[in-house]
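Trainee: My questions concern the predicted model and sequence given below.
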Amino acid sequence: MKKISMKKISRRQFIHGGAACIAAALTSQSIGIFEGNLCQAATGEDIRGRIFKGDAPPQLWKWSCEGFRYKKLSGGKVVCGICPNRCRLSPGDRSVCRSRVNMDGKLYSLTYGNPCAVHTDPIEKKPLFHFKPRTKAFSLATTGCNFRCLNCQNWEISQAKPHEVAAYTRELFPAEAIAAAQKSRAQSIAYTYSEPVTFFEYMLDTARLARDNGVYNLLISNAYINRTPLLELCKVLDGATLNLKSFDDRIYRKLNGGRLNPVLNTFKTLHDQNVHFELINLVVPGYTDKEDMIKAMCHWILENIGPDYPLHFLRFFPRYKLDRLPPTPVSTLTRYRELAIQQGIHYVYVGNVARHEGNNTYCHNCRQLLIERRGYMIPTYNLQKSHCRFCQTKIPGVWPASPEAALKPSELPS
Ligand code: SF4
């Protein structure tokens, strides 16, 4: 296997960093490793990824698994059916997402049962605000991403090839993952941090087993997945946090290396399949802080999936190749939240800003405070099962049977 040099970091630093930062800029926390002046001005070019010709390892390894969704073509070529990149690989090629290869005319994932980040997080960190508040999510990631976001929070794992992080991986096959989740008293497993779509086989097998064992499955993703594998996943999926990185295909191409329409299709499919999900929109200064675009985005949401899916506007902090941009002004996030509420979205949040009114949940009917959040603590909880305690309006989401379940002291960090 080829050796690729990486800056040396300790395993502890790596795991801490990978776990502390949610993929695709979900939090403002810094990984704190590989800090360097990597930044470059945005080029404005299409940055979609390319396949790595002839870059497959010389042989398969223990954590290789034949792909669940691919087609064999003539001449030993294969085409992957998991995401819209539809990588077409000749024997010996490596995929755009770096973790899948063509070996002798078959497609293999190289990360099955071999996560490089494993951690137990508060569910609010995903962020999932309408799903079993104050519970824990056992979180897993392998290397790999089908995007190339200039602002990636977790690029050390999302933009790495499996062997490059071999020193930091852990063997955790599906049954072991379920056992570890149960041991940590997590109610759910979150497939997260990097891009779980790229470890589809590992995710699906783990999710099926989790479902059989009464553990919830949560997908934290850029939503760049084809319909057929998504439908397969929906059968065992309980909730999702999905990125809507912008509402402009050109920005998707130059900031993220993806396309908008497939992402929108994912929202429609999950809506049709009755899977609870929450949308996140990271407001990147100079890229996605455009009021007209926010209006168009809200309009699309209302027209296509309705007003009830929570929408989180997240504050950007300088990271990775965009480390010279300023953080998003809080006033911009406040304005977008108000705008989205005015447009008709029922539950709109502001993330990565402590003690902002937009951290809380208010009933969309009577506007009473339903859930007050302070960090990962919930000092106020005014739902009765899934209804507002004041006006009995049904609140969308997956809620505990009793308020005590959300309010009781837990072992989560405050
Ligand atoms: S999952 Fe990976 S290999 Fe498959 S199409 Fe997407 S980028 Fe290519």
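Mentor: Thanks, I have it. Given the structure is predicted, the values throughout are model-derived calculations rather than measurements.
Trainee: mind listing what the residue lying farthest from the centre of the chain touches?
Mentor: Distance from the centre of the chain peaks at Gly75, with 35.7 Å (C-alpha atoms, centre = their mean). Neighbouring residues of Gly75 by C-beta atoms under 8 Å, 6 or more residues apart in numbering: Ser90. To be clear about C-beta, it is placed using only N, CA and C from the backbone, and glycine gets the same treatment.
Trainee: before we move on, what SS does it have?
Mentor: Secondary structure for Gly75, judged by DSSP: H, G, I helix; E, B strand; the rest coil, is helix.
Trainee: And stretch 202-217, what's buried?
Mentor: Residues of stretch 202-217 classed as buried: 202-211, 215-217 (neighbour count, 16 or more other C-beta atoms under 10 Å).
Trainee: Need the pLDDT of the residue farthest from the centre of the chain.
Mentor: We have a pLDDT of 98 for Gly75.
Trainee: number of nearby residues for the closest residue to Gln384 other than its chain neighbours?
Mentor: Closest residue in space to Gln384, ignoring its immediate chain neighbours: Pro403 at 7.0 Å, by C-beta to C-beta, 6 or more residues apart in numbering. Look at Pro403: counted by other C-beta atoms under 10 Å, it has 18 neighbours.
Trainee: now, the most widely separated pair of the buried residues of stretch 202-217?
Mentor: Longest distance between any two of those is 17.3 Å, between Tyr202 and Tyr216; criterion C-beta to C-beta.
Trainee: Low-confidence ranges, the stretch 301-414 of the chain, go.
Mentor: 405-414 (pLDDT under 70).
Trainee: Could I get the full set of strands for it?
Mentor: With strands called from DSSP state E, counting those that start in this stretch, the stretch 301-414 of the chain shows them at 311-315, 348-351, 361-362, 369-374, 377-381, 383-384, 387-388.
Trainee: Going by distance to the ligand, which of the buried residues of stretch 202-217 wins?
Mentor: Met203 (11.4 Å; C-beta to the nearest ligand atom).
Trainee: Is the closest one in a helix, a strand, or coil?
Mentor: Per three-state DSSP, Met203 ends up helix.
Trainee: Kindly report the same for the one 3 residues further on.
Mentor: For Thr206, the assignment made with three-state DSSP gives helix.
Trainee: Also the one 4 residues further on?
Mentor: On the three-state scheme (three-state DSSP), Ala210 is labelled helix.
Trainee: do Ser139 as well
Mentor: strand.
Trainee: got it, and Ile157?
Mentor: Assignment for Ile157 (three-state DSSP): helix.
Trainee: Which residue ranges make up each domain of the chain?
Mentor: 11-50, 117-407 (automatic domain parsing).
Trainee: Tabulate these (CSV), appending distance to Val79.
Mentor: Listed next are the domains of the chain as CSV, based on distance: least, C-beta to C-beta, whole Å:
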stretch, distance to Val79
domain 11-50, 15
domain 117-407, 11
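Trainee: got the CA coordinates for the longest strand seen in the chain in PDB?
Mentor: Looking across the chain with DSSP state E, the single longest strand is strand 276-283. What follows is strand 276-283, C-alpha atoms only, in PDB (Å, rounded to 0.1, in the frame of the first residue of the first chain):
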ATOM      1  CA  HIS A 276     -38.200  13.500  10.100                       C
ATOM      2  CA  PHE A 277     -35.400  15.800   9.000                       C
ATOM      3  CA  GLU A 278     -34.000  19.200   9.700                       C
ATOM      4  CA  LEU A 279     -32.300  21.500   7.300                       C
ATOM      5  CA  ILE A 280     -29.100  23.400   7.900                       C
ATOM      6  CA  ASN A 281     -27.900  26.400   6.000                       C
ATOM      7  CA  LEU A 282     -24.400  27.700   6.800                       C
ATOM      8  CA  VAL A 283     -24.300  31.400   6.000                       C
END
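Trainee: from here on, count from 235
Mentor: Understood, numbering begins at 235; the last thing we discussed is strand 510-517.
Trainee: and it, how far from the chain's centre?
Mentor: Relative to the centre of its chain, strand 510-517 is centred 9 Å away, using C-alpha atoms, centre = their mean, to the nearest Å.
Trainee: How about the residues of the stretch 335-484 of the chain by the ligand?
Mentor: Counting by C-beta under 6 Å from any ligand atom, the stretch 335-484 of the chain comes close to the ligand at Asn380, Val431, Thr432.
Trainee: and the second one, which of the three is it?
Mentor: In terms of secondary structure, Val431 is helix; the call rests on three-state DSSP.
Trainee: any idea where the helices of the stretch 535-648 of the chain begin and end?
Mentor: Taking DSSP state H, counting those that start in this stretch to define them, one finds helices in the stretch 535-648 of the chain at 564-577, 637-641.
Trainee: just these: most buried one?
Mentor: helix 564-577 (a mean of 17; mean count of other C-beta atoms under 10 Å).
Trainee: And for it, what's in contact with it?
Mentor: 517, 523, 525, 528-529, 532-533, 536, 545, 547-549, 582-584, 587, 590, 592.
Trainee: Quick one, which of these are buried?
Mentor: Buried among the contacts of helix 564-577 (16+ other C-beta under 10 Å): 517, 523, 528-529, 532, 545, 547-549, 582-584, 587, 590, 592.
Trainee: Tell me where this protein is predicted with low confidence.
Mentor: 235-278, 639-648.
Trainee: Tell me the gap between stretch 359-373 and the middle of its chain.
Mentor: That offset, for stretch 359-373, works out to 13 Å (C-alpha atoms, centre = their mean).
Trainee: CA-only coordinates of it in CSV, if you can.
Mentor: Provided in CSV are the C-alpha atoms of stretch 359-373 (Å, rounded to 0.1, in the frame of the first residue of the first chain):
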residue,chain,number,x,y,z
LYS,A,359,-25.0,19.0,18.5
LYS,A,360,-26.0,17.4,15.1
PRO,A,361,-28.1,19.7,15.3
LEU,A,362,-31.4,17.8,15.7
PHE,A,363,-33.8,20.0,17.8
HIS,A,364,-37.0,18.1,17.2
PHE,A,365,-35.8,14.6,17.9
LYS,A,366,-35.7,13.1,21.4
PRO,A,367,-34.1,16.1,23.1
ARG,A,368,-31.3,15.5,25.6
THR,A,369,-30.5,12.0,24.4
LYS,A,370,-27.1,10.8,23.2
ALA,A,371,-26.1,9.9,19.7
PHE,A,372,-23.4,7.4,19.2
SER,A,373,-21.5,8.9,16.3
